[in-house]
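Peer 1: take a look and give me a structure for this.
(chains A and B)
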Amino acid sequence: MASTTQSAGHYYLPAPSKWPITAASAVLCLGFGAAFAVNQMMLGYVLLALGVAIFAFMLFGWFGAVAHESESGLHNERVDTSFRWGMSWFIFSEVMFFAAFFGALFYVRVFSVPWLADIEQKLLWPGFAGTWPTAGPGFEGEFSPIAAWGLPAINTLLLLTSGVTVTLAHWALKENKRGALIGWLAATIALGVTFLFVQIHEYGHAYSELNLKLSTGVFGSTFYMLTGFHGFHVTVGCIMLSVILGRSIAGHFKPEHHFGFEGVAWYWHFVDVVWLLLFILVYWL
Amino acid sequence: MSAVLDTPGHHEHADRPTGITRWLTTTNHKDIGTMYLWFSFTMFIVGGIMALIIRTELFTPGIQVVDPDRFNALTTYHGLIMVFGAIMPAFVGFANWLIPMQIGAPDMAFPRMNNLSFWLLPPAALLLITAQFVPGGGAGVGWTMYPPLTVQAPMAMDLTIFAIHILGMSSIMGSINIITTVFNMRAPGMGMMRIPMFCWTWVITAFLLLAVMPVLAGAVTMTLTDRHFGTSFFNAAGGGDPVLYQHVFWFFGHPEVYIIAIPAFGVISQIIPAFARKPLFGYTSMVYATASIAVLSFLVWAHHMFTVGMPVEAQLYFMYATVLIAVPTGVKVFNWVATAWRGSLSFETPMLFALGFLFLFTIGGFTGLVLAIVPIDVQLHDTYYVVAHFHYVMVAGALFSAFGAIYFWLPKWTGKMYDERLGKLHFWLSFIFFNVAFFVQHFLGLAGMPRRIPDYAPQFAEFNMISSIGAWGFGLAQVLLLYIVVKTIRSGKPAEQRQWDGADGLEWTHLPTPAPYHSFETPPVLK
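Peer 2: As a prediction, this is how the structure comes out:
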C-alpha cells in the first residue's frame, strides 16, 4: 500500500490499523457490561470498567495517529473536505437523536397529557387536570419545576458566551496569534466546565428540594433525559476542546489547515443550539 | 487507461498483514466488503434457521416443537437478525465493494472507520444471540419492540437494546463513509448525474440511515430508562403513552423499509440495463423518484399503527400520503420495464433474479397499497396478510436483488465465473419455493389468521402446511447458493474483464478481472 509515501496529489489512505478492532472490543465490553450492569450483575460493572479503559486507550491511540498524520502533511485538501462532510453528517445524526427526545416532549405535552385528562379518562383518573407541568395522573406527591430565569438563564449566558469565545479563538488561529488562540480556548473550556457545575448543582437542588427526579412522571423523564443527554454532550465537548487546547499548546494547526479545531467548534456550536432549544422548550415554556 | 491498472505484485502486499490480522486490521474496501458479505450470509443462515423452526411449529395446529415463549422470541430475533444482520449488511457489503470502483476512487473516504463499522456488527450479533440464553430466555416482544411488553420483558431485552445501539453506530458510521465517498471521491468528470444508479441509491439510503438510526436509538433508550431508571415515557400513570413508542419507532421504521429497498432498486437498475444491452431508461427521473420516495418515507409512518385509536383525520392523512408513494415507485417500475423494452435481452442468473424481483416486488408493492387503505387495514392489521406483504418486499425484493448482485458481480470480485446452470437452478428453486411459502399467507391473513402466534385454528391447517413446505424448500435452496459461491471461488472458469456485454460501469470498463486490491490509485480518465 502506498499509504505513507503518497505525493501531495493523492488521497491519503491509512495502512491497516489496530485501532478500529480495539474500538470494537471496547464496544463489545460496553454492550455486555451495560446490559449486565442494569440488571445489577457484578460482571456488568467489571466489563463496563474494562470497556471504558479500552475505549479511552483507543481514543488516545486513534486520534493521536490522525493528529500525527495531519501534522505530517498527509491530509491534502480532498482529505480535509472528507472530514468536513463526515463531521457535518455526524452532527446531523446527533440532531436526529435529540429530535427523538424533543419529539417525545412534544407528544406528551400536546397529545398524551391532555388525552389523559379528557372526558373518556374521567372514570379512571377523576382528579387529573392535564396541565403542564405534570408528573401524570398516577404520581403521588408534589414537585416543582426549575424556574427558567434563575440558574438556567445563567447557564444560557455561559454557553452563548462560550460560543463567542470559541469563535474568537478561531479568528486568532486564522491570524496565527497563538497566545490569543490558547487564551480563548481556555476561556471556552472554563465556561463549559462552569456550565456543567451549575447543571450538577441544579440537579442536586431539584432532587433534594423540588422533588423533581428522573422518576417524577413524564416531566422528570423528559427533563432529565433532554438536559442529561445535553450535559453529556457538553462533557464530551469539553474533552474535545481540551484535546484541541493541548494540540494548540503543542503548536499544532496552521492558519489555513486546522479542521481538527473547526470540527470541535462546530460540535460546540451544535451543543449550544441544543441548549437554546432546551432553555425555551424545557425550562421556559 | 493503463495508469489505472494495478499490475499484480506491484507493491500489492507491501504492508498488508496476512492471516487473521489482515481481516482484523484491514482498511481496504474490498476486504471489508467481503467481510460484510460473509457476515451477512452467516446471519442469513442463523435467521433462516429461526424461520424454519417457526414454520416447523406452524406445520400443523397445536404446539409441537417449541413452547410459546420461545416461539415469540424466535419471531422477534428472526426479524431483528434478518433486517439488521442479514439484509442491511449485505447491501453495505455491496456498497463497499462497488462504490469506489464505480466512481473511480482509490478506496472509501474513511478506511479505518469503515473497518470499525464492520467490526461493530459481530459484538451486536453476539448480544442478540446471547439474549436467547440469559435467564428468562429471549425477549418475545416482536422485532418492533412495543411497550408495555418490552418494559416487562426479561433481561434479554437489555442485551437487545444495546445490540441495537451498536448496530445503529455501525450504520451511522457506514453511512457517513458512503455519503462522503460519493460526494468527495469521484474521479474528475464523474458528475453526480453520471454516477451509476447504485451509487445514487446508496447516497439516498445513507441519508435515510443518518436521519433515522439515531431516532431508533432514542426509542430504545426510552425503553431502557422506563425499564430500569423509573422514567414514564410509555407509562400512562406518569403522563406518558405506550403509543408514543410506536410513533418514534415507526418514524424510524418506515424509512427503514426504504433503507432496505432503495439499494435493492439500485442493484436492479444496474442489472436490467446490462442484460437488455441498453442504457437505463430515464436515469434522471430514476434519481428524482428515489429521492422522492426517501422524502415521502418520513411522512407516512403512522400507517403501521392505524388501529391504535388515532383521530380519523390522521388516518386519512397517513392513508393518502402512503398511497402517494406509489407514484415514484411506479416511475421506477416503468423505467425498468422501459429499459427492457425492445432490448436485446438475455436471461442469465442475475437477470432472472432482477426479473423475479420486478414481478414479486411489484406484488409486494400492491399488497402495500391494499394495507394502506384504512378500512381494509383495520381488518388485516396483525394478520398473516401483513406477513406475506413484507416478505414479498424483504425477501423477493431486497433478498432477490442481493442474490442478483452476487451473481452479477461475483466474476468481477473473484475473477471466476459461477456455474450458470446451478445459478439458474438456484433462481428457480428460490422463486418457486418463495411463492409456495408466502403467497398462501395472503389467504391466511384474509381469512383472519393472526401473526406471531404458535398455534392456530384447524381451518388454517392446509395453507400453513403448504407455507411450511415452501419455507423449507426455500431455506434448503440457499445451501445451493453457498455451494455455488464456494465452487466459483475454488474452481470457477476465469471470467472476462467485461463479463456482461451490456455492463458499462467503471468496474467493468476500466478495471481488470479480478478487480485489483486497490481500485484506482490514480483517477481514471473519463470521456
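
Peer 1: report pLDDT for the residue lying farthest from the centre of chain A.
Peer 2: Computed with CA atoms, centre = their mean, the residue of chain A farthest from its C-alpha average is A:L123, at 43.2 Å. Looking at A:L123, its pLDDT is 87.

Peer 1: and what about it, helix, strand or coil?
Peer 2: Look at A:L123: counting by DSSP: H, G, I helix; E, B strand; the rest coil, its state is coil.

Peer 1: tell me what whichever helix or strand B:S467 is part of is packed against?
Peer 2: Under the criterion of DSSP states H and E, B:S467 resides in helix B:461-491. Counting contacts by 3 or more CB pairs under 8 Å, 6 or more residues apart in numbering or on different chains; DSSP states H and E, helix B:461-491 packs against helix B:29-57, helix B:400-414, strand B:416-417, helix B:420-446. C-betas here are computed from N, CA, C, even on glycine.

Peer 1: still on that earlier bit, please state the backbone phi and psi of the residue farthest from the centre of chain A?
Peer 2: phi -70, psi -40 (degrees, to the nearest 10).

Peer 1: what pairs with the helix or strand following the helix holding B:S467, parallel or antiparallel?
Peer 2: Note on helix B:461-491: by DSSP H and E, the next helix or strand toward the C-terminus is strand B:493-494. Based on DSSP bridges, the pairing partners of strand B:493-494 within the sheet are strand B:416-417 (antiparallel).

Peer 1: quick one: the helix holding B:S467 to helix B:29-57, angle?
Peer 2: With axes from the mean of the first three to the mean of the last three CA atoms, to 10 degrees defining the directions, helix B:461-491 sits at 150 degrees from helix B:29-57.

Peer 1: gap between helix B:461-491 and the chain center?
Peer 2: 18 Å (CA atoms, centre = their mean, to the nearest Å).

Peer 1: could you pull up the mean pLDDT of that helix?
Peer 2: Computed over helix B:461-491, the average pLDDT equals 97.

Peer 1: and that helix with helix B:400-414, angle?
Peer 2: Going by the same axes, to 10 degrees, helix B:461-491 makes 10 degrees with helix B:400-414.

Peer 1: same question for helix B:461-491: list its buried residues.
Peer 2: For helix B:461-491, burial by neighbour count (16 or more other CB atoms under 10 Å in any protein chain shown) applies to B:463-475, B:477-478, B:481, B:484-485, B:488.

Peer 1: now do the SS call for the most centrally placed residue in chain B.
Peer 2: Taking CA atoms, centre = their mean, the centroid of chain B lies closest to B:I87, which sits 3.2 Å from it. Following three-state DSSP, we place B:I87 in the helix state.

Peer 1: what's the burial count for the residue nearest to B:L446 when sequence neighbours are not counted?
Peer 2: Counting by CB to CB, 6 or more residues apart in numbering or on different chains, the nearest residue to B:L446 once its immediate chain neighbours are dropped is B:Y385, at 5.9 Å. Other residues lying near B:Y385 total 25 when counted by other CB atoms under 10 Å in any protein chain shown.

Peer 1: could you say which helix or strand holds B:Y385?
Peer 2: helix B:384-393.

Peer 1: quick one: that helix to chain centroid distance?
Peer 2: That offset, for helix B:384-393, works out to 15 Å (CA atoms, centre = their mean).

Peer 1: output stretch B:517-525 as PDB, nothing but the C-alphas.
Peer 2: What follows is stretch B:517-525 as a C-alpha-only set of coordinates in PDB (Å, rounded to 0.1, in the frame of the first residue of the first chain):
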ATOM      1  CA  TYR B 517      -6.600  -4.900  -4.400                       C
ATOM      2  CA  HIS B 518      -6.600  -1.200  -4.800                       C
ATOM      3  CA  SER B 519      -9.100   0.100  -7.200                       C
ATOM      4  CA  PHE B 520      -7.900   3.400  -8.700                       C
ATOM      5  CA  GLU B 521      -4.700   4.700  -7.300                       C
ATOM      6  CA  THR B 522      -4.800   7.400 -10.000                       C
ATOM      7  CA  PRO B 523      -8.200   8.500 -11.100                       C
ATOM      8  CA  PRO B 524      -9.400   7.100 -14.400                       C
ATOM      9  CA  VAL B 525      -9.700   9.300 -17.500                       C
END
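
Peer 1: need the residues of the stretch 1-150 of chain B near chain A, please.
Peer 2: Within the stretch 1-150 of chain B, the positions adjacent to chain A are B:11, B:14-17, B:21-22, B:24-28, B:105-107, B:109-113, B:115-116, B:119-120, B:122-124, B:126-127, B:130 by CB under 8 Å from any CB of the partner chain.

Peer 1: now these: which count as buried?
Peer 2: Buried among those by 16+ other CB under 10 Å: B:16, B:24-28, B:105-107, B:109-113, B:115-116, B:119-120, B:122-124, B:126-127, B:130.

Peer 1: now the biggest helix by length in chain A: average pLDDT?
Peer 2: For chain A, the longest helix by residue count, based on DSSP state H, is helix A:217-249. The average pLDDT for helix A:217-249 rounds to 97.

Peer 1: swap in stretch B:265-280?
Peer 2: Across stretch B:265-280, pLDDT averages out at 96.

Peer 1: do the same with stretch B:329-343
Peer 2: Across stretch B:329-343, the average pLDDT comes to 96.

Peer 1: and B:L526, what is it in contact with?
Peer 2: With contact set as CB atoms under 8 Å, 6 or more residues apart in numbering or on different chains, B:L526 has these partners: B:104, B:187-190, B:194.

Peer 1: again with B:H247
Peer 2: A:103, A:107, B:301-302, B:305.

Peer 1: now for these: which two are most distant?
Peer 2: A:G103 and B:M305 (15.1 Å; CB to CB).

Peer 1: more neighbours: those two, which one.
Peer 2: B:M305 (22 against 18).

Peer 1: who wins for neighbours among the contacts of B:L526?
Peer 2: B:G104 (25 neighbours).

Peer 1: between the contacts of B:H247, which is nearest B:I63?
Peer 2: Taking the contacts of B:H247 together and measuring to B:I63 by CB to CB, the closest member is B:M305, at 30.0 Å.

Peer 1: can you tell me the closest non-neighbouring residue to the closest one?
Peer 2: According to CB to CB, 6+ apart, the nearest residue to B:M305 is B:Q246 (4.9 Å).

Peer 1: so how far is the strand or helix carrying that neighbour from its chain's centroid?
Peer 2: Secondary structure assigned from DSSP H and E places B:Q246 in helix B:242-276. The chain centre lies 8 Å from the centre of helix B:242-276; the measure is CA atoms, centre = their mean.

Peer 1: after it, next one along is what?
Peer 2: Next helix or strand after helix B:242-276 toward the C-terminus (DSSP H and E): helix B:283-297.

Peer 1: extract the CA atoms of the next helix or strand after that following helix and return them as CSV.
Peer 2: Once helix B:283-297 ends, the next helix or strand along the chain (criterion: DSSP H and E) is helix B:312-324. Taking C-alpha atoms only, helix B:312-324 is exported to CSV below (Å, rounded to 0.1, in the frame of the first residue of the first chain):
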residue,chain,number,x,y,z
VAL,B,312,-59.7,9.8,11.8
GLU,B,313,-58.1,12.9,10.2
ALA,B,314,-54.7,11.4,11.0
GLN,B,315,-55.8,8.1,9.5
LEU,B,316,-56.9,9.9,6.3
TYR,B,317,-53.7,11.9,6.0
PHE,B,318,-51.5,8.9,6.5
MET,B,319,-53.5,6.9,4.1
TYR,B,320,-53.3,9.4,1.3
ALA,B,321,-49.6,10.1,1.9
THR,B,322,-48.9,6.4,1.8
VAL,B,323,-50.7,5.9,-1.5
LEU,B,324,-48.7,8.8,-2.9
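
Peer 1: what inclination does the helix holding B:Q246 have with respect to helix B:312-324?
Peer 2: Using the same axes, to 10 degrees: helix B:242-276 against helix B:312-324 is 10 degrees.

Peer 1: ok, and the closest non-adjacent residue to A:T194?
Peer 2: A:T194 sits nearest to A:L158 (CB to CB, 6+ apart), 5.7 Å away.

Peer 1: now name the helix or strand holding that neighbour.
Peer 2: Per DSSP H and E: helix A:151-174 holds A:L158.

Peer 1: got the angle between that helix and helix A:217-249?
Peer 2: 20 degrees.
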